[in-house]
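Enquirer: quick one: sequence plus predicted model below, questions after.
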Amino acid sequence: EEVTTTETAPVLSTAESATPTLSASTISSDTLSGSDIYTLGCEQAVGITTEITTTNYFGMAVSGSVSGSGFIITEDGYIMTNYHVIEDAYEGGYDITVMLNDDSEYTAEIIGFDEDNDIAVLKIDAEGLTPVTFGNSDSLSVGDTVYAIGIPLGELDYTMPSGIVSATDRVITTDESTSINMFQFDAAVNSGNSGGPLYNSEGQVVGVVTAKYSDTGVEGLGFAIPINDAVDIANELIVNGYVTGKAYLGVEIDQNFTSIYAQYYNTPLGAYVHSV
């Protein structure tokens, strides 16, 4: 999908990037206390809400809300979140409201998104914000301490559960049947945490909280998109409004060409191009 933007784009970078970081807060490389990380996260994490209108069983219009989290990536108002947090707003043309820790609210513009990797970038009209510092998700190891800050259930503002990295390089299939490389952690995240930041013990964001395995009786299975991947995508979205370089076959395949058709037409069995 493509959303055109004409703004001059900032450049984001992770801890291991050679590109100068233009959006980093000044943070020591020393380990921070949980309280320090929470204070930092409250300045950097945001709530994201969309008021949607649906039709009930009786054909009457009813209002509801979709809530998630996000985090500030530049001091002039660029925000990263999951695409599924703002999907209903994009498809339905609804306003997206971003809420900061000081209770101020802004209507956000969608700069771009990558549905396949569940990343979106928003922009609010604000200056002097506190952006996150990106860590290096490639250096994560099982057992590393992580902290998630977000708005679980859409109501519990600025909650911070903690845990450890449980596994790296998990290929997870999302609700949209798209497979995304993530890492697993055991912090108690819930609906509404999606799109929020996952911090390491140095106060750097190393992941985007994205999914929780929620089958009955299963706990402690949270997943996050590595921040190195998310930053690459965000840079593309900010600069171009979409992710460039994706392969596109450009043909429609006939899904109904079964063995019966192959036998009837005396042709090999396989995929057949229906149209170009």
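Expert: Nice, I can see it. Residues are numbered from 1 along each chain as shown.
Enquirer: quick check: the residue nearest the centre of the chain vs residue 192, distance?
Expert: Central residue of the chain (C-alpha atoms, centre = their mean): residue 82, 2.6 Å from the mean position. Per C-beta to C-beta, to the nearest Å, residue 82 is found 11 Å from residue 192. C-betas here are computed from N, CA, C, even on glycine.
Enquirer: surely the residue nearest to the centre of the chain and residue 208 touch.
Expert: Yes: using C-beta atoms under 8 Å, residue 82 makes contact with residue 208 at a distance of 6.7 Å.
Enquirer: between those two, which contacts overlap?
Expert: Common contact partners of residue 82 and residue 208 (C-beta atoms under 8 Å, 6 or more residues apart in numbering): 119, 195.
Enquirer: what segments of the stretch 51-200 of the chain are strands?
Expert: 61-72, 78-81, 96-99, 105-114, 119-123, 145-148, 162-173, 179-185, 197-199 (DSSP state E, counting those that start in this stretch).
Enquirer: for residue 227, find the nearest of the ones you listed.
Expert: strand 197-199 (8.1 Å; C-beta to C-beta).
Enquirer: neighbours around residue 67, how many?
Expert: 21 (other C-beta atoms under 10 Å).
Enquirer: which pLDDT value belongs to it?
Expert: Residue 67 is assigned 82 on the pLDDT scale.
Enquirer: how much space is there between it and residue 103?
Expert: 16 Å.
Enquirer: low pLDDT regions in the stretch 151-276 of the chain?
Expert: For the stretch 151-276 of the chain, the stretches with pLDDT under 70 are 153-156, 174-177, 212-220.
Enquirer: give me every residue that touches residue 173.
Expert: residue 179.
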